[in-house]
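Colleague: Quick one: sequence plus predicted model below, questions after.
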Amino acid sequence: MKLMGLISTPPGMRTDAIETTATVVEQVRMARDTYRLRLRCPDVAKRIVPGQFFMVRPSTGSDPLLGRPFALYDVFEENGALAGIDFGYLVVGKLTSEMSRWQPGDMVRIWGPLGNGFPTPPPGRLIMVGGGIGQTPFLAVSREASGARRYGRPARTISANAERLTLLYGVRSREYLAGLDDFRRDGLTIRLSTDDGSEGHHGYVTELLDEEIASDPPAAVYCCGPEPMMHAVSERCERACVPCWLSLESPMACGFGACFSCVVKVKTGDGWDYRRSCVEGPVFRADELVL
Ligand SMILES: Cc1cc2nc3c(=O)[nH]c(=O)nc-3n(C[C@H](O)[C@H](O)[C@H](O)COP(=O)(O)OP(=O)(O)OC[C@H]3O[C@@H](n4cnc5c(N)ncnc54)[C@H](O)[C@@H]3O)c2cc1C
Ligand code: FES
C-alpha cells in the first residue's frame, strides 16, 4: 500500500524520506524477547542519522494496516558500501510478534528516514541514558560521537569524543540486557542497572545518573526509555543545569505528519502548543516539553 500516493506532503515532513521494499538479511536474538533485524535498503542507510526512525510493515496484506516506528540501531556495509539498516526490537504485540518470524529473504515495506534525530553531541562529556529497549538509538549516537562512523547525506561532522562517552543502561532483569558487545566495541564507559539486582546496580538507572552528575557533570544527557524514567532524568538534569534531550516513543499511526496521533505538548512564549513527535521530534529538548 503506497500511503504517500494518497495525500499531499504534510507541512514539515522531511523530503528525503522514501518508501521502499527491503529484504531481510538476518534476524539475531539479542536478549529475552528481543531481536536485531537487518534489512538491505542502501538508500535509507545513506540518509539516516542517529535518533531517526522508520516505519515498518509487511510487504503484503493489510494486517496490521499501519506501520510501526523503530529507531535506527546502526547501518551496515557490504563490500565496503552502505547496504542497509539494523534495528533492535522487543516483542510486545501484533507486528513485533510477526517480525520475530521473518526470515532472511523475506520482503518488508519500510518508510524513512523519519523525524529529526539527535543533535550532534556538544564538545565535552555525553551521557546516554537508556531504559529497556530505549537503549537502541544509542549505538549509532555513540558510534558517531566516538568518530567510529559518520551518518547522513552529506555526512554530519562532529568532534570525536570517545573517552567522554558514558552509557547508563537499565533493564528489569539481566536477561533483557541487549547489544552489550556492540556497545563495548567503541570503548565507551557502560554502567548497568537492573530492577531485581541480577546485574550491575540494584535499582533504577536514574540513581547511576545522580552519581555521574555529582562526580563529573556532563555537557549533555541524551535519554530514551519508559515515560516515568524520562521524567525522572529530565528533572535531575534541570536541577543540575545540564542540557537534556529526550527521544519520545509516542504511539504513531502515520509517521509522517498527517494524522496528529503523536502530538506532544511543548512550551511556547505564552503557554503551550502541540507538536507532532514524528516530524518535529521524536527528539526534544526536555526543558521545552510540558511533561
Ligand atoms: C520513534 C519511535 C521509535 C521506536 N523505536 C523502537 C525500537 O527501536 N525498538 C522497539 O522495540 N520499539 C521501538 N518503538 C516502539 C514500537 O514502535 C512499538 O513497540 C511497536 O509499535 C509495537 O508494535 P506491535 O504491533 O508489536 O504492538 P501493538 O499490537 O501495536 O501494541 C502492543 C501493546 O504495546 C502498546 N504500545 C504500542 N506502541 C507503544 C508505544 N510507542 N508506547 C507505549 N505503548 C505502546 C500498545 O498500547 C499495546 O498495549 C519506537 C516507537 C517510536 C515512536
Ligand atoms: S504519527 Fe501521524 S502525525 Fe505523527
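Modeller: Perfect, I can see it now. Ligands and ions are numbered 1, 2, ... in the order given.

Colleague: list the buried ones in stretch 263-272?
Modeller: Within stretch 263-272, the residues scored as buried using 16 or more other Cβ atoms under 10 Å are 263, 264, 266. Heads up, the C-betas are built off the backbone N, CA and C, glycines and all.

Colleague: And the residue nearest to residue 84 when sequence neighbours are not counted, how close does it get to residue 263?
Modeller: The shortest distance from residue 84 to any residue other than its chain neighbours is 4.3 Å, reached at residue 40 (Cβ to Cβ, 6 or more residues apart in numbering). Residue 40 sits 34 Å away from residue 263, going by Cβ to Cβ, to the nearest Å.

Colleague: Same check on residue 52?
Modeller: If you go by Cβ to Cβ, the gap between residue 52 and residue 263 works out to 19 Å.

Colleague: Compute the number of surrounding residues for residue 21.
Modeller: Residues contacting residue 21 under the criterion other Cβ atoms under 10 Å number 12.

Colleague: Can you classify it by secondary structure?
Modeller: Here residue 21 is strand, with the state taken from DSSP: H, G, I helix; E, B strand; the rest coil.

Colleague: So it sits against residue 60, correct?
Modeller: No: checked against Cβ atoms under 8 Å, the pair residue 21 and residue 60 is beyond contact range at 10.4 Å.

Colleague: okay, the residue of the stretch 1-150 of the chain found nearest ligand 1: pLDDT?
Modeller: Going by Cβ to the nearest ligand atom, ligand 1 is nearest to residue 93 of the stretch 1-150 of the chain, at 2.3 Å. At residue 93, the predicted lDDT confidence score is 95.

Colleague: Same check on residue 108?
Modeller: 97.

Colleague: Bridged to it, which residues?
Modeller: residue 22, residue 58 (DSSP bridges).

Colleague: OK, contacts around the residue nearest to residue 84?
Modeller: Going by Cβ atoms under 8 Å, 6 or more residues apart in numbering, residue 40 touches 22, 23, 25, 78, 83, 84.

Colleague: in the sheet, who's paired with it?
Modeller: residue 23, residue 84.

Colleague: Next, work out how far apart it and ligand 2 are.
Modeller: To ligand 2, residue 40 is 26 Å away according to Cβ to the nearest ligand atom, to the nearest Å.

Colleague: Ligand 2 contacts on the chain?
Modeller: Proximity of the chain to ligand 2, by Cβ under 6 Å from any ligand atom, involves residues 252, 253, 254, 255, 257, 258, 259, 260, 261, 262, 276, 278.

Colleague: phi, psi of the last one?
Modeller: Right, the one you point to is residue 278. phi -80, psi -20 (degrees, to the nearest 10).

Colleague: pretty sure it is in contact with residue 253, am I right?
Modeller: No: look at residue 278 against residue 253 with Cβ under 8 Å: they stay out of range, at 9.1 Å.

Colleague: Between those two, point out the one with more neighbours.
Modeller: residue 278 (31 against 16).

Colleague: mind checking the SS state of the residue nearest to residue 26 when sequence neighbours are not counted?
Modeller: Once flanking residues are discounted, residue 26 sits nearest to residue 38: 4.6 Å by Cβ to Cβ, 6+ apart. For residue 38, the assignment made with three-state DSSP gives strand.

Colleague: Could you report the neighbour count for residue 38?
Modeller: Around residue 38 there are 20 other residues, counting by other Cβ under 10 Å.

Colleague: Strands of the stretch 1-150 of the chain, start to end?
Modeller: Along the stretch 1-150 of the chain, counting by DSSP state E, counting those that start in this stretch, strands occupy 18-31, 34-40, 53-58, 68-71, 74-78, 81-90, 107-114, 126-131.

Colleague: strands paired with the fifth one, and their directions?
Modeller: Paired strands of strand 74-78, with direction, are strand 81-90 (antiparallel) (DSSP bridges).

Colleague: how about the partner strand, does it reach ligand 1?
Modeller: Yes: using Cβ under 6 Å from any ligand atom, strand 81-90 comes into contact with ligand 1 via 87, 88, 89, 90.

Colleague: where's the nearest residue to the first one once chain neighbours are set aside relative to ligand 2, distance?
Modeller: Just to be clear, that refers to residue 87. Leaving aside its chain neighbours, residue 87 sits nearest to residue 70 (4.4 Å; criterion: Cβ to Cβ, 6+ apart). Residue 70 sits 14 Å away from ligand 2, going by Cβ to the nearest ligand atom.

Colleague: I'd like the numbering to begin with 31 instead of 1 from here.
Modeller: Sounds good: first residue 31 from here, last item residue 100.
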